[in-house]
Every structure is written in C-alpha cells, then in structure tokens.
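Novice: 3D model of this:
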Amino acid sequence: MSANETTEHDLVDDERVETDAAATLATETELVDETDLADESDDDAADDGDRDEGDIAADYIEELLDIADIDGDLEIDVTGGRTYISVTADGESNLERISSPEVVDALQQVTRLAVQAETGEFSRLILDIGGSRDARQRELEQLVDRAVTRIEEGAATAALPPMSSYERKLVHDIAAARGYDSESEGEGRKRHTVLRAK
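Specialist: Numbering: from 1, shown residues only. This is a model prediction of the structure:
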C-alpha cells in the first residue's frame, strides 16, 4: 500500500469517525431536548391542572379590562358549585362603560367560552360588573310584580320574556317568595318563565 493510499484511507476513517461522533452528539442533544420539552410540558400541564374556573375567568377579564383601559378590582366567589366573578371599583372609575346588562351578558358569555376552551368543560360562571347583578335582580323583581298584578287582575298565567337559566332561577325564587308557582317553558333562546296562582 502506498503512502498516498494510506493517507486517503486514514482520512476516510477520520471523516467516518467525525461523522459518527457528530451523529451521536446530535442524537444525544435531541434526546436531551425532547426530555427537557417533556419536563416543561409536564410542568405546564401541572400548572394548567391547578387553575380552576375562577382563576381562568379572572385572568381573561383582567386582560379585557387592560385592553379597554378600564379600572376594576376582581373578586372570585364559589357558591353552590357555581363561580361568581365580581368586578368593582373604588372611587372614580370608568367601569360604567361596561356595566349595562347587555354588555355584562355578552362579556359573561365570552368569558364562559374562554374558560371552556381551556378546561374543556361547560362553564356556568356568573359575571357581575359594577353591581349589575343586583340591578338585574331588582329588574326581575319588577317583572315578577307586574306578572303578579296581571294574575290578580284575572289572567290565568303571566309569561315573562326569555332569559338565561340563571335569571329564570332567580325568577322562580322571587315568584315563590311572592306566593306564586312558576315554571320554565319553551326551548333554547325562547325559554321563558310562566307564573300562575297556587
């Protein structure tokens, strides 16, 4: 074997060793990277598992308030298995910009969707902005009082406008407190409450 052949053979072997070493290093790096990613993924999954409906909703609403440049403090409460989120403000605030019943209802729906997107479960959370829940309670009481008046004037039943399941439950409670029976009728968006005398 000539000196040139030996040199070329050695060079080929050296290149093969370098290639094998690079491949091994790349494989080890990929394994380490995948392990790190798996660990990070497990950590993220653990973090997500710790987040409950109230935390997810509060984060979502805080982000909306920041985008809209609206001041507000959030409070989370869980009663009877249902999450309640209240947004309030001390002193001067522009919170009234989003406290109308229509806006609160829309924000409640998108917040429920945000929670459902993260948890994969249907959300029944209730949102209150600037006392909107108390204001709506008073409106429902007035609706029930008008329905009661119609019944006292001779109507067999009195139907209220369609509303959410939460509001229908409030109406059932108000009607019962007034001494009247009530039941929900209709399907979907047309579902409403009908009052009648006991």
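
Novice: before we move on, which element is the most centrally placed residue in the chain in?
Specialist: Centroid-nearest residue in the chain: residue 115, 2.6 Å away (criterion: Cα atoms, centre = their mean). Secondary structure assigned from DSSP states H and E places residue 115 in helix 101-119.

Novice: where do the strands sit along the chain?
Specialist: 73-79, 82-88, 126-129, 157-159, 180-185, 192-197 (DSSP state E).

Novice: buried deepest among the ones you listed, which one?
Specialist: Mean neighbour counts were compared across the strands of the chain using mean count of other Cβ atoms under 10 Å; the top stretch is strand 126-129, at a mean of 22. Glycine gets a C-beta too; all of them are placed from N, C-alpha and C.

Novice: partners of it in the sheet?
Specialist: strand 82-88 (parallel) (DSSP bridges).

Novice: restricting to C-alpha, output the partner strand in CSV.
Specialist: Extracted in CSV, the C-alpha atoms of strand 82-88 (Å, rounded to 0.1, in the frame of the first residue of the first chain):
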residue,chain,number,x,y,z
ARG,A,82,-71.1,28.0,40.7
THR,A,83,-68.3,30.5,40.3
TYR,A,84,-69.2,34.2,40.7
ILE,A,85,-66.8,36.9,39.4
SER,A,86,-67.4,40.5,40.6
VAL,A,87,-65.7,43.5,39.1
THR,A,88,-65.8,46.6,41.3
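
Novice: quick one: contacts of that strand?
Specialist: With Cβ atoms under 8 Å, 6 or more residues apart in numbering as the test, strand 82-88 has contacts from 52-54, 57-58, 61, 65, 72-78, 95, 111, 123-131, 133.

Novice: now do stretch 179-188
Specialist: With Cβ under 8 Å, 6+ apart, stretch 179-188 has contacts from 144, 148, 151, 159, 162, 168, 171-172, 175-176, 191-198.

Novice: could you dump the strands of the chain into CSV and include distance to residue 107 and mean pLDDT?
Specialist: Shown next, in CSV, are the strands of the chain (distance: least, Cβ to Cβ, whole Å; pLDDT from 0 to 100):
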stretch, distance to residue 107, mean pLDDT
strand 73-79, 13, 94
strand 82-88, 9, 94
strand 126-129, 6, 94
strand 157-159, 28, 96
strand 180-185, 24, 96
strand 192-197, 23, 96
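
Novice: dump the ones you listed to JSON lines, plus distance to residue 103.
Specialist: Converted to JSON lines, the strands of the chain look like this (distance: least, Cβ to Cβ, whole Å):
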{"stretch": "strand 73-79", "distance to residue 103": "17"}
{"stretch": "strand 82-88", "distance to residue 103": "12"}
{"stretch": "strand 126-129", "distance to residue 103": "8"}
{"stretch": "strand 157-159", "distance to residue 103": "26"}
{"stretch": "strand 180-185", "distance to residue 103": "25"}
{"stretch": "strand 192-197", "distance to residue 103": "22"}
